[in-house]
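Visitor: Just need the structure, nothing else, for what follows:
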Amino acid sequence: MLATVAAIVFALALLFDLADVSSDAINNGTLTVLGLLLLSLHFAGVGTGRDWRHYTRRRRRR
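Guide: The predicted model follows:
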């Protein structure tokens, strides 16, 4: 999910760069850093849908 959002952010950054659109708060550099942050969170496993608590608990044998 985060990788898809990062791709959208990178596409917006490309469109803003091609159209020469910029503002004080959001510019090409800001969108690029946001996209890299989302990709790093995706590679770290955030938002993948896995329940990490389930994997850290030991299963009890009966």
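
Visitor: Tell me who's in contact with the residue nearest the centre of the chain.
Guide: The centroid of the chain falls nearest to residue 38 when counting by CA atoms, centre = their mean (1.8 Å). Residue 38 makes contact with 2-3, 5-6, 9, according to CB atoms under 8 Å, 6 or more residues apart in numbering. Every C-beta, even on glycine, is put in place using the N, C-alpha and C of the backbone.

Visitor: I'd like to know which of the residues you listed are buried.
Guide: 2, 5-6, 9 (16 or more other CB atoms under 10 Å).

Visitor: Which single one of the residues you listed is nearest to residue 47?
Guide: For the buried ones among the contacts of residue 38, the closest approach to residue 47 (CB to CB) belongs to residue 2, at 4.6 Å.

Visitor: Can you tell me, leaving aside adjacent residues, what's nearest to that closest one?
Guide: Closest residue to residue 2 apart from its sequence neighbours, by CB to CB, 6 or more residues apart in numbering: residue 42 at 3.9 Å.
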